[in-house]
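Enquirer: sequence plus predicted model, see below.
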Amino acid sequence: DRRDYASDRYRNGPYWTLGEYARFFFGGENHEFIAGGRYYGGSADFDNYSYNAWEASAYFNFKLPYGFEVSPNIAYAQEYYDGPATVLETRDREDKRLTVGLGATYRLSENWSLEGSYQYTDNSSSSALYEYDRHVVTTGVAWSF
C-alpha cells in the first residue's frame, strides 16, 4: 500500500504561497467584489507529493434588505505534481479543480449572524484515484467584533 505518504511525517518540508487579491466596494449598500489569484506549491520530503499550482478566484457579497447577504463565489485551480500519483502510473499527476459556491447570511444584530453555504467542487485528475465531485453544506452562528 503506497498511500502511507498521507501520514504527516512524509509531508514535512517547505510550502509557499504568493498571491494578490483586489477588493472593490460598489453600490449604495457597499456590496463587495474580491478577485485575484495565487501561485503556490510545496516541496515535501516525499518526492511524489512535491507540487506547484495556480488558482484564480472571484467572490461577491451582495447586501440585501432586512439584514440578509448573499455571497456567490468561483475558483479554478491547476496543480502539477512532480511524480506519478501511484506506483502503477508512469506520468506526473496533474489536477484541474473547479469550485463554485453560494453563501447566505442573516444578521441578527451588529455582532451576531446566522450563516449557511453550499459548495460544489469538481476535481479532474490525470490519475483516476484523485478524480472526485464534492458537495459541502455548512451552517453556523457567527459572532463578529
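Expert: Good, I have the coordinates.

Enquirer: in a helix, residue 129, correct?
Expert: Yes - assessed with DSSP: H, G, I helix; E, B strand; the rest coil, residue 129 lies in a helix.

Enquirer: helix/strand/coil for the residue nearest to it when sequence neighbours are not counted?
Expert: Distances taken as Cβ to Cβ, 6 or more residues apart in numbering put residue 85 closest to residue 129, at 5.5 Å, once the chain neighbours are dropped. In this view, the C-beta of every residue, glycine as well, is placed from N, C-alpha and C. At residue 85 the chain is in coil, as set by three-state DSSP.

Enquirer: which residues does residue 85 contact?
Expert: 48, 93, 125, 126, 127, 129, 130 (Cβ atoms under 8 Å, 6 or more residues apart in numbering).

Enquirer: neighbour-wise, which of those leads?
Expert: residue 93 (21 neighbours; other Cβ atoms under 10 Å).

Enquirer: ok, that one touching residue 123?
Expert: No - at 11.5 Å, residue 93 does not count as touching residue 123 under the criterion of Cβ atoms under 8 Å.

Enquirer: give me the common contacts of these two.
Expert: Common neighbours of residue 93 and residue 123 (Cβ under 8 Å, 6+ apart) are residue 130.

Enquirer: element containing residue 38, please.
Expert: strand 31-42 (DSSP states H and E).

Enquirer: just to revisit the earlier point, state the distance from the residue nearest to residue 129 to residue 13.
Expert: Look at residue 85 and residue 13: by Cβ to Cβ, to the nearest Å, they are 18 Å apart.

Enquirer: so where's the protein uncertain?
Expert: 1-11, 45-49 (pLDDT under 70).

Enquirer: which residues in it form helices?
Expert: In chain order, the chain shows no helices, with DSSP state H as the criterion.

Enquirer: strands along that one, start to end?
Expert: Using DSSP state E, the strands of the chain run over 15-26, 31-42, 51-63, 68-81, 94-107, 112-125, 132-143.
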